[in-house]
Structures are given as C-alpha cells and as structure tokens.
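Asks: let's see this in three dimensions:
(chains A and B)
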Amino acid sequence: QVQLQESGPGLVKPSQTLSLTCSVSGASINTGVYYWSWIRQNPGKGLEWIGNIYYRGTTYSNPSLRSRVSILVDTSKNQFSLRLRSVTAADTAVYYCAREVGYSYGNFDYWGQGTLVTVSS
Amino acid sequence: QSALTQPASVSGSPGQSITISCTGTSSDIGDYNFVSWFQQHPGKAPKLLIYEVTNRPSGVSNRFSGSKSGNTASLTISGLQAEDEADYYCTSYITNSRVFGGGTKVTVL
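Replies: Predicted coordinates:
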C-alpha cells in the first residue's frame, strides 16, 4: 500500500522560507517510473500545481512560483522536500505531496493527507 | 498559464446524469490527451477518477466517464448518488507544467 505523508512547520513568518518533507512508504522513489509532486490548495479555493522532481533530481515547477521554489529528493530516506522562499499570506494553503505516473501527465494516483501551512507573524 | 475554466456548481437528482465541463486552450487541453479528473470531499485529499481523458483507475466506479472535444474536456457522472456530492477538479498538461481548473461543486438534490 503506497502512502505519502507530509511533515513540517504549520506556521511560517512572512518573508521566511516554507519547508516541507514528504515521506513515501510502500514504493521506492528510486524506481524511475514516477514523478514526485507538490500541489497546494488555498483555503476554500482550487488546486495549484507547484512542481515535481524525478528520482535523478530533474525538477519542473509552475512558472508563477519558479523563482521561489526548490524541490529536492533524498532517495536514501525515500523522501522529497519543498522549499518555498519569501512567503506571504498568499502562500497560506494546504500543501499536498502526490505521486504522478511517469509519462501519464496529471495522473496523480496517490496523495498525502495534506498539511496546512499558515503564513503569519 | 491560466487556470482551466469549470462551472462553479452543478446539481442533479439521484439517478440522473450530470456533466462537468473543463475549458482550456490550444496550448493545454487542445494540444494533449493528458486530462485528469479528481473528486474531493471536504477535508480530504483529492481522489483520481479519470486520467488521460478517458481512463478509469482500478476501483473507480464506471459511473464516471471522461471525454474531450477540442479545447474542452468533460466529466460525466451517471446514476448520480448522494456520495457523489463533492468538489471536482480537472487538470491538464501544458509544456513542462500542469494546470488545474477552479473546481466544480456538485450538489445532489
């Protein structure tokens, strides 16, 4: 059974860096068959794709966030992480990590439960 | 990239069929057969219903079906049930990125 679990601070101050980790169990990040993704949902709003990473380290991100986003992978821990710099209140959201089937773009077959991150002083 | 356009709400009676549209452009939906649909109940993570326009993952009811014409994709729910009351989102591939729709709230009357 594939499971993804987000972890990280629930409160971040404006202008600081949001850091989240996604721990994967039941599947190996190293298989090369999947992209490992971050998606967020502002309170009461729709979904927004943040970006993804391939096990070899190749990353892609939403053009609107690209200048502030870093996505890293740690295959030894079977984890991947998100760094979002210079946050503002607009970055307050539930952040999900998800698995996307390779070359089946948008096929997010497994999701974490999501973690709420609030940006506030 | 701009968000895909979905109706804010759609409603139907139990047993009826409803269709949710998802309109994009020739750069996303119109250019790729990579449209997915998700169902989200309050406080829960989204659940994959359809991928690559028409394909259903194992375990998803065949009451859910997807299609595409030009720049618009559609999700049809047949035999509407109370448990189908939820938010529904579409997503499409766009070069090296993904774009979601704004979501549609389905109400079962």
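
Asks: how about the strands in the chain?
Replies: No chain in the question, so chain A it is. Under the criterion DSSP state E, chain A contains strands at A:3-7, A:11-12, A:18-25, A:34-41, A:47-53, A:59-61, A:69-74, A:79-84, A:93-101, A:108-111, A:115-119.

Asks: not quite, I wanted chain B
Replies: So, for chain B - with DSSP E - the strands run B:9-12, B:18-23, B:35-40, B:47-50, B:64-69, B:72-77, B:86-94, B:97-100, B:104-108.

Asks: from the rest of the structure, what touches stretch B:62-76?
Replies: B:17-26, B:28-30, B:33, B:35, B:37, B:49-50, B:53-56, B:77-79, B:81, B:84, B:88, B:90, B:92 (C-beta atoms under 8 Å, 6 or more residues apart in numbering or on different chains). Bear in mind the C-beta positions are built from the backbone N, C-alpha and C, glycine included.

Asks: buried ones in that stretch?
Replies: Residues of stretch B:62-76 classed as buried by neighbour count (16 or more other C-beta atoms under 10 Å in any protein chain shown): B:64-66, B:68, B:71-75.

Asks: over to stretch A:111-121?
Replies: A:111-112, A:114-115, A:117, A:119.

Asks: and for the residue nearest to B:Gly103 when sequence neighbours are not counted, the neighbour number?
Replies: In this structure, B:Gly103 finds its nearest non-sequential neighbour in A:Gly46, 4.4 Å apart by C-beta to C-beta, 6 or more residues apart in numbering or on different chains. Residues near A:Gly46, counting by other C-beta atoms under 10 Å in any protein chain shown, number 17.

Asks: which residues are in contact with A:Gly46?
Replies: B:3, B:89, B:100-103.

Asks: also A:Gly26?
Replies: A:1-3.

Asks: same check, this time on A:Ile39
Replies: A:47-50, A:95-98, A:108, A:111.

Asks: which residue is the nearest non-sequential neighbour of residue 51?
Replies: In the absence of a named chain, this looks at chain A. A:Ser61 is the one closest to A:Gly51 (C-beta to C-beta, 6+ apart), at 3.2 Å.

Asks: wait, chain B
Replies: Leaving aside its sequence neighbours, B:Tyr51 sits nearest to A:Asn107 (C-beta to C-beta, 6+ apart; 4.0 Å).
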